[in-house]
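Visitor: The amino acid sequence is not available; the structure is as follows:
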């Protein structure tokens, strides 16, 4: 199969197309012909070597942890999926580093899979898993946002933020977010009640008595400062200190847990009109396409997901 790999840590120029064997699947896995994948900050952080302390991979490494595609093979213990099913998933991060989704085929455990709703394109489905599940697990599972609560979501125009705003609104919350001025119209269109331009306004000057804060930018002290004493803060971009945890509000960090059942809930929310999938750009599955997507993700402040179209009939390197 064709796959985009890195042979060492470094710049986007390390990404290049090569040929690798198709993954072998275990009894509780399926093999998916990947139709689309997407870019997340973890991808280029891993490429730079910033995750070496967590994942001790041997090269070559296949990055990528979002997919949508069609099942072409099932393991002996698969019960709820069959060959021909269209699915989407945030697969596990495998210890060998060679099972990412920048590839024509990927192995996925059954409990990480969700059936792709027919109403979603493969590109839309591939844009959802990592960012959508992170948002859902923080807003719904960890912060336990309730109707009528005031919620601050930092960096609302990012992939996680866009999902978090809509999930919080679906739960009935009053949502405030931060973003540059050129993204305000988009954020209003998906339900944000209040938008603060972080270039000219400090949240600590204008916000107070919030029930919950979703920190995506490692601004924990600012988040704590706007909370009620009984408020909750969850960060996905920092490690709260003991002093921060002891200040009164409930302060914790979170790392995504792949979950097919919750991903199916997100798919249902899209079909029901409660969640809009926002795609910024679609790139081809080529060496140049992956390099361009990584550069764009690292250096731009675009709104929405960056998707890779893996369809081999559309791409030629």
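Guide: Yes, it's here. Fair warning: this is a prediction, and the values are worked out from it, not measured in the lab. Numbers count the residues shown, from 1 in each chain.

Visitor: pretty sure residue 63 is in a helix, no?
Guide: No - under DSSP: H, G, I helix; E, B strand; the rest coil, residue 63 sits outside any helix and is assigned coil.

Visitor: what helix or strand is the residue sitting nearest the centre point of the chain on?
Guide: Nearest to the mean C-alpha position of the chain, counting by CA atoms, centre = their mean, stands residue 131 at 2.1 Å. Per DSSP states H and E: residue 131 is located in helix 129-136.

Visitor: Against which helices or strands is that helix packed?
Guide: On a contact count with 3 or more CB pairs under 8 Å, 6 or more residues apart in numbering; DSSP states H and E, helix 129-136 meets helix 159-170, helix 260-271. (C-beta placed from N, C-alpha, C; glycine too.)

Visitor: How many neighbouring residues does the nearest residue to residue 51 once chain neighbours are set aside have?
Guide: Counting by CB to CB, 6 or more residues apart in numbering, residue 45 is the residue found nearest to residue 51 once chain neighbours are left out, at 6.0 Å. As a burial measure, residue 45 scores 13 neighbours (other CB atoms under 10 Å).

Visitor: again with the one 5 residues further on
Guide: By the measure other CB under 10 Å, the count of residues near residue 50 is 13.

Visitor: ok, back up a step: my guess is the residue nearest to residue 51 is in a strand, correct?
Guide: No - under three-state DSSP, residue 45 sits outside any strand and is assigned helix.

Visitor: so how far is residue 238 from the closest residue to residue 131 other than its chain neighbours?
Guide: Closest residue in space to residue 131, ignoring its immediate chain neighbours: residue 159 at 3.6 Å, by CB to CB, 6+ apart. Per CB to CB, to the nearest Å, residue 159 is found 18 Å from residue 238.

Visitor: Tell me which of these two has more neighbours.
Guide: Higher neighbour count among residue 159 and residue 238: residue 159, with 29 against 17, using other CB under 10 Å.

Visitor: ok, residue 261 - contacts?
Guide: Residue 261 sits next to 111, 114 when contact means CB atoms under 8 Å, 6 or more residues apart in numbering.

Visitor: Ok, residue 82 next?
Guide: 71, 74.

Visitor: Quick one: the helices in the stretch 51-200 of the chain, in order.
Guide: For the stretch 51-200 of the chain, applying DSSP state H, counting those that start in this stretch gives helices covering 122-126, 129-136, 159-170, 184-189.

Visitor: Show residues contacting the longest one.
Guide: Identification of contacts with helix 159-170 by CB under 8 Å, 6+ apart yields 40, 127-128, 130-132, 134-136, 138-140, 145, 151, 153-156, 175, 177, 179, 187, 190-192, 214, 216, 236, 266, 269, 274-276, 278, 303-305.

Visitor: Tell me how many other residues crowd residue 93.
Guide: For residue 93, using other CB under 10 Å, the count is 17.

Visitor: Same question for residue 202.
Guide: By other CB under 10 Å, neighbour count at residue 202 equals 11.

Visitor: Now it: closest residue in space that isn't a chain neighbour?
Guide: According to CB to CB, 6+ apart, the nearest residue to residue 202 is residue 222 (7.5 Å).

Visitor: pLDDT below threshold where in this structure?
Guide: Residue ranges of the chain with pLDDT under 70: 312-317.
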